[in-house]
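Q: predicted model follows, preceded by the sequence.
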Amino acid sequence: MFDFPDSVELSRLPTPIHELRRTSVALEGARIYIKRDDLTGAVLSGNKIRKLDFLLAEARKTMCDVVITCGGNQSNHARTTAVAAAQLGMKALLFLKNNMTLPFEGNLLLNKMVGADIHYISAEEYARVDALMAEAARDYDKRGLKAYVIPEGGSNALGAMGYVRAAEEIARQLKRMKLKIDSVVVPVGSGGTYAGLLVGKYVFDLPAEIYGVNVCDDKRFFTRKIAGLVEEMLTQFSVPVNFNKQDIRIIDGYVGKGYGLSSQPEIDLIKRVAKSDGIILDPVYTGKAMLGLAEEMKGGVLRENKTILFVHTGGIFGLFPKKTLFY
Ligand SMILES: Cc1ncc(COP(=O)(O)O)c(C=O)c1O
């Protein structure tokens with residue numbers, strides 16, 4: 001029996017799993033199913049709210065008034081934190097990498113609408129964002145307010161528990177659907193989603209390999225980061241499983257032009273999936289991960305797979321500031 005930590009239960013669960021019929025046919029590989037974590041909410045959509053369910057429960061339990069976090073200027077995590085904090089009656093302070101000349105579009109617009117305070121910082125300052133967030137928490141403390149600091153992407157041991165819970169959900173759904181899958185494919189941006197799914201695979205006997213397509217950095221970076229996160233989770237939550245670092249399967253080679261930058265094959269595939277199955281992928285995470293899946297089915301690590309489950313981790317609001325790429 002596995003006891004999950006307390007949760008504020010803001011995410012709409014379970015999210016459905018269904019087949020991407022026409023995309024599967026068009027890509028001429030395995031049957032592709034999709035786990036619709038883009039449906040965890042409307043403005044709370046995507047993978048981040050599963051992590052925040054646990055993180056914000058801790059913030060509430062410790063009577064925090066303010067939630068502090070960070071990310072890129074179109075960070076889905078920062079937006080989800082800002083919206084969830086507003087829903088729980090807390091204030092949000094966001095440290096966003098970039099300058100303030102950006103138009104209030106996509107996630108930035110939503111941050112503004114829910115009243116988040118935004119500190120724009122340069123890339124150099126972002127390199128020490130953890131220290132900046134700790135300093136901001138101390139400043140609040142001096143003013144008699146208690147702050148809860150959440151690391152980039154909500155990717156610490158507690159946040160990643162959100163995807164242990166998702167793995168349990170997936171295992172239950174596959175059983176009910178009598179569906180056998182070879183692999184789960186998920187984008188990797190800060191590693192928490194992947195780490196949670198891997199721990200969940202061990203705990204709930206999810207009978208599939210977990211593949212992560214990194215959208216920034218490289219395989220070495222994420223193998224080390226995810227291994228650290230998994231060790232932290234197993235210790236912090238006394239999870240009695242044997243972790244083998246070899247089980248971390250990162251598919252590198254699909255960062256393309258770089259984090260947040262789109263290449264033509266990614267754009268073409270996003271448009272194709274939208275037209276064939278009505279699923280809107282995002283340009284920063286799921287578009288790159290789906291391209292990784294499509295290419296690896298042809299002659300790479302997924303070539304012998306018959307059935308693959310792709311986790312749609314959301315990110316739709318990041319599409320709007322890039323709209324001109326798509327028409
Ligand atoms: C839409 C979306 N998908 C995937 C990811 C990657 O998840 P993780 O940061 O847990 O690796 C993120 C955030 O980084 C995201 O916003």
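A: Perfect, I can see it now. Because the structure is a prediction, the values reported are computed rather than measured. Residues are numbered from 1 along each chain as shown.
Q: would you say I210 is within a strand?
A: Yes. Per DSSP: H, G, I helix; E, B strand; the rest coil, I210 lies within a strand segment.
Q: just give the number of residues close to it.
A: Neighbour count of I210, defined by other C-beta atoms under 10 Å: 25. Any C-beta I mention is one placed from the backbone N, CA and C, and that applies to glycine too.
Q: confidence score at it?
A: pLDDT, I210: 98.
Q: is it correct that it is in contact with L198?
A: Yes. The pair I210 / L198 is scored as a contact, 5.3 Å apart, by C-beta atoms under 8 Å.
Q: return the residues of the stretch 1-150 of the chain in contact with the ligand.
A: Residues of the stretch 1-150 of the chain found near the ligand (C-beta under 6 Å from any ligand atom) are 46-47, 76-77.
Q: OK, contacts around the closest residue to the ligand within the stretch 51-200 of the chain?
A: Proximity of the stretch 51-200 of the chain to the ligand (C-beta to the nearest ligand atom) peaks at G189, 2.7 Å away. Residues near G189 by C-beta atoms under 8 Å, 6 or more residues apart in numbering: 153, 214-216, 284-285.
Q: who wins for neighbours among the residues you listed?
A: In terms of neighbour count, Y285 stands highest of the contacts of G189 at 27 neighbours, by other C-beta under 10 Å.
Q: phi, psi of N214?
A: phi -80, psi 140 (degrees, to the nearest 10).
Q: please name the nearest non-neighbouring residue to it.
A: V188 (4.6 Å; C-beta to C-beta, 6 or more residues apart in numbering).
Q: repeat that for L39.
A: With sequence-adjacent residues excluded and distances taken as C-beta to C-beta, 6+ apart, L39 is closest to T15, at 4.9 Å.
Q: neighbours around the one you found, how many?
A: With other C-beta under 10 Å as criterion, T15 counts 22.
Q: so does the lengthiest helix in the chain get close to the ligand?
A: In the chain, taking DSSP state H as the definition, the longest helix is helix 157-177. No. Using C-beta under 6 Å from any ligand atom, we find that helix 157-177 stays clear of the ligand, coming within 7.5 Å at best.
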